[in-house]
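> Please work out how this folds:
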Amino acid sequence: MRAAPFVLALAAFVAACAELGDTFEVTPFLREQITGDTWRACLAREYQVQTRFVLREGRDWAEASRFSSKGWAALRNEAVPAWQVGEFDLTMGRKAALAPARADLEAVLAKRDVAPCDCAKAQGAFDGWLAASARLAEDESMLAKRFSDAVGSCRQGVTASR
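Got it, this is the predicted structure:
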């Protein structure tokens, strides 16, 4: 009988530590000063944007950790592909909407050397949209528009002054 409260306390402690571990990875990434306009720098900054968004929206440290891991990988000059639609638990309708967007992203990423920051924004917007689709049960039209605008900029090779 005395074991039950102990087990509950231990489970709560472990859950808190898991979130604390995410904090140790996420917080330094958010504080990182990322400079430059290379593909890797721009991609890392986009993942900072996504990390901040999920923390401000719902304090989802696990998802913030996934975004910050992608940002750290970009800073280490590792390959950072956009997530695949099949990696998330989505309804068939959401999968059907996101699959063509993923194909559009792949097509425009060929221009990432011409417009690295615009194309990094497209990849970050897609990953943000995909993650939000799995997490939210509400209208995602704002995220879809952000992705569409970023793909258009990447496709045109337009680079805004930075």
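
> Okay, the spatially closest residue to G124 that is not a sequence neighbour and M92: tell me how far apart.
Spatial nearest neighbour of G124, excluding adjacent residues (C-beta to C-beta, 6 or more residues apart in numbering): E46 at 2.9 Å. The C-beta positions use only the backbone N, C-alpha and C, and glycine is treated the same way. From E46 over to M92 the distance is 28 Å, taken as C-beta to C-beta, to the nearest Å.

> ok, back up a step: would you enumerate the residues in contact with the residue nearest to G124?
Contacts here follow C-beta atoms under 8 Å, 6 or more residues apart in numbering; on that basis E46 touches 71, 120-121, 123-125.

> Kindly provide the whole-number mean pLDDT of the host helix or strand of it.
Element membership for E46 (DSSP states H and E) is helix 39-58. Predicted confidence along helix 39-58 averages 93 (mean pLDDT).

> Sort out which residues of the helix or strand following that helix are buried, please.
Scanning forward in sequence from helix 39-58 by DSSP H and E, the next helix or strand is helix 61-75. Judged by neighbour count (16 or more other C-beta atoms under 10 Å), helix 61-75 contains these buried residues: 61, 63-75.

> In a markdown table: these, plus distance to A103.
Formatted as a markdown table, those follow (distance: C-beta to C-beta, whole Å):
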| residue | distance to A103 |
| --- | --- |
| W61 | 31 |
| E63 | 24 |
| A64 | 27 |
| S65 | 28 |
| R66 | 22 |
| F67 | 22 |
| S68 | 27 |
| S69 | 25 |
| K70 | 20 |
| G71 | 24 |
| W72 | 27 |
| A73 | 23 |
| A74 | 22 |
| L75 | 28 |
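
> what's the distance between the residue lying closest to G36 once chain neighbours are set aside and C117?
On the basis of C-beta to C-beta, 6+ apart, the spatially nearest residue to G36 that is not a chain neighbour turns out to be C42, at 7.9 Å. Spatial separation of C42 from C117 under the definition C-beta to C-beta is 4 Å.

> how many other residues sit next to V108?
Using other C-beta atoms under 10 Å, the number of residues around V108 comes to 21.

> ok, now P81?
Per other C-beta under 10 Å, the neighbour tally for P81 reads 11.

> Now it. Its backbone dihedrals?
phi -70, psi 150 (degrees, to the nearest 10).

> and if you look at R76?
Backbone torsions for R76, taken as degrees, to the nearest 10, come to phi -90, psi 10.
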